[in-house]
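[1] sequence and predicted structure, then a few things I'm wondering about:
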Amino acid sequence: MSAPKKSRMEHSPEVQKFVEFLKIRTVHPDPAYKESRLWLLDYVADIGLEVVVDKEYHPGKPVIVVKLPGTNPELPSVLLNSHVDVVPVEQDKWIVDAFSGHITDDGKIYGRGTQDMKCVCIQHLEAVRRIKDSGTKLRRNLYLSFVPDEETYTGHGMGLLCQSEEFKSWNVGMAVDEGLARENSDMVVFYAERHCYWTDVTFSGNPGHGSRFIENTAVEKMRKLVNKALDYRENQRKRLLADACMTLGEVTTVNVTMIHGGTTPNVVPSEFTVTLDCRVSHEYAFEEFKNLLKSWIDEAGGGEMSFIASSNNDALSSIDPKDKWWNAITGACKKHSVKLVPEIFPAGTDSRYLRAQGIPAYGFSPINNTPILLHDHNEWLGVDTFMRGIDILGTVIRDLANVSG
Ligand SMILES: [Zn+2]
């Protein structure tokens, strides 16, 4: 006779908290930040953590930071960061309600944020609850931050928090933030991320009647840039495919994401705008790629660049085996027989704000044997993987906060 299947009510308190959080619609473009703030404040009060920040650095964008004091508060502290917002869903492409926290009979928790990154938020809190309840005292002060707007690239969450006076007073020595799932039994830790350029490029040219051969049009210039960008993209794609050891974070991607122009079918417009999303590998210095982009635009006949967002992510956190933080993370995972693979994050996370301040930051979501489903339809995480992640992060957090010197 097979074992009876667990109903929702039989799941552990940790899973129940996770499901509660998944049900809060902190989804763009109008995230339920008021609700998530109140829910988090109740949650941390239940664990018994001291709230050190409960404020909006940008109107309508609440940030919460809590603290577990260490026995040696003069030592640099450890920060565990989570963003509370999630990206929108196309509900008709999901097999369940994306905000129901539905758990299948075979133990998959479905919902937007199950991987990115409500899982890690709950895992940090539940790991810290266990440390606290066990009476174990940690050497360093431990801070847990819950920030808005990671997904919008505006910097209204961590970007502003890490410039605040209170943040400086915490003397943050290192931080742990989100990572990605991995499909095999290893886990991945991100120690850097690519540079980012999101830019509009507007081309001007001669207008005229849609029936004629107008010379020197805006769209011709735009086509030259688009061709350049796509040729470059293809070369980078081939490089990545040709080398099995190479990861996405080590090549540069250029994608055309939007094209705007024209008013009516029979008028050749005087302007066209193309939007590029460029994620640039560390083979380039920050300015170097911008100059390459400018040279493409010049060759196309000249256009106006207007940056939507860009970030210089030159800083890399150490993965030297002698580095005390890296050593603590890898050592902690070894205790759980987890092999860590260090990689460069292919997209952007809040870690970039911390690294830019010289604070080592590591992106780690303890998810293995799971497809990468962040921002995808039917995002899910296994109950067992989620629960094991609390154990693993518990050891990582304890060992980091007990690093000496
Ligand atoms: Zn995320």
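    On my side now, so go ahead.
[2] quick one: average pLDDT of the helix of greatest length in the chain?
    Ranked by residue count and defined by DSSP state H, the top helix of the chain is helix 218-242. Per-residue pLDDT values over helix 218-242 give a mean of 98.
[3] show the contacting residues for Glu343.
    With contact taken as Cβ atoms under 8 Å, 6 or more residues apart in numbering, Glu343 is in contact with 188-191, 247, 249. Quick note: C-beta positions are derived from backbone N, CA and C, even for glycine.
[4] what comes up buried for the helix or strand where it lies?
    Here Glu343, judged by DSSP states H and E, is contained in strand 340-345. For strand 340-345, burial by neighbour count (16 or more other Cβ atoms under 10 Å) applies to 340, 342-345.
[5] same question, stretch 17-25
    By neighbour count, and taking 16+ other Cβ under 10 Å as the criterion, the buried residues in stretch 17-25 are 17-19, 21-22, 24-25.
[6] next one: stretch 232-252
    In terms of neighbour count (16+ other Cβ under 10 Å), stretch 232-252 has its buried residues at 232-233, 236, 240, 248-252.
[7] cool, and stretch 370-381?
    Neighbour-count burial for stretch 370-381 [16+ other Cβ under 10 Å]: 370, 373-374, 378-381.
[8] what strands flank the strand holding Glu343, and is each parallel or antiparallel?
    Within its sheet, and counting by DSSP bridges, strand 340-345 is paired with strand 187-193 (parallel).
[9] need the CA coordinates for the strand it pairs with. CSV is fine.
    Taking only C-alpha atoms (Å, rounded to 0.1, in the frame of the first residue of the first chain), the coordinates of strand 187-193 have been written out as CSV:
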residue,chain,number,x,y,z
MET,A,187,24.2,24.4,-6.7
VAL,A,188,25.4,27.7,-8.2
VAL,A,189,26.8,30.8,-6.4
PHE,A,190,27.1,34.1,-8.3
TYR,A,191,30.0,36.3,-7.4
ALA,A,192,29.6,39.0,-10.1
GLU,A,193,27.2,40.1,-12.8
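[10] next SSE after it?
    Following strand 187-193 toward the C-terminus (DSSP H and E): strand 195-204.
[11] just checking, what packs against that following strand?
    Counting contacts by 3 or more Cβ pairs under 8 Å, 6 or more residues apart in numbering; DSSP states H and E, strand 195-204 packs against helix 218-242, strand 271-280, helix 286-299, strand 304-311.
[12] 10 Å instead?
    When contacts are defined as 3 or more Cβ pairs under 10 Å, 6 or more residues apart in numbering; DSSP states H and E, strand 195-204 packs onto helix 218-242, strand 253-261, strand 271-280, helix 286-299, strand 304-311.
[13] now these as CSV including distance to the ion?
    As requested, these are arranged in CSV below (distance: least, Cβ to the ion, whole Å):
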stretch, distance to the ion
helix 218-242, 23
strand 253-261, 18
strand 271-280, 15
helix 286-299, 23
strand 304-311, 15
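[14] centre of the chain versus the longest helix of the chain, how much separation?
    26 Å (Cα atoms, centre = their mean, to the nearest Å).
[15] next: stretch 228-245.
    24 Å.
[16] equivalent analysis for stretch 187-203, please.
    Centroid separation between stretch 187-203 and its chain, computed with Cα atoms, centre = their mean, is 11 Å.
[17] and what of stretch 329-346?
    On the basis of Cα atoms, centre = their mean, stretch 329-346 sits 18 Å off its chain's mean C-alpha point.
[18] quick one: mean pLDDT for it?
    Averaged across stretch 329-346, pLDDT comes to 96.
[19] just the CA coordinates of that stretch, formatted as PDB?
    Backbone C-alpha positions of stretch 329-346 (Å, rounded to 0.1, in the frame of the first residue of the first chain) are rendered in PDB as follows:
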ATOM      1  CA  ILE A 329      30.100  29.400   2.200                       C
ATOM      2  CA  THR A 330      31.800  26.500   0.400                       C
ATOM      3  CA  GLY A 331      32.600  24.800   3.700                       C
ATOM      4  CA  ALA A 332      29.000  25.100   4.900                       C
ATOM      5  CA  CYS A 333      27.700  23.600   1.700                       C
ATOM      6  CA  LYS A 334      30.200  20.800   1.900                       C
ATOM      7  CA  LYS A 335      28.700  19.800   5.200                       C
ATOM      8  CA  HIS A 336      25.500  19.100   3.200                       C
ATOM      9  CA  SER A 337      27.400  17.300   0.400                       C
ATOM     10  CA  VAL A 338      26.600  20.200  -1.900                       C
ATOM     11  CA  LYS A 339      29.100  21.100  -4.600                       C
ATOM     12  CA  LEU A 340      29.100  24.800  -5.400                       C
ATOM     13  CA  VAL A 341      29.800  26.100  -8.900                       C
ATOM     14  CA  PRO A 342      30.800  29.800  -9.000                       C
ATOM     15  CA  GLU A 343      29.400  31.700 -12.000                       C
ATOM     16  CA  ILE A 344      28.800  35.300 -13.200                       C
ATOM     17  CA  PHE A 345      25.100  36.200 -13.000                       C
ATOM     18  CA  PRO A 346      23.800  36.700 -16.600                       C
END
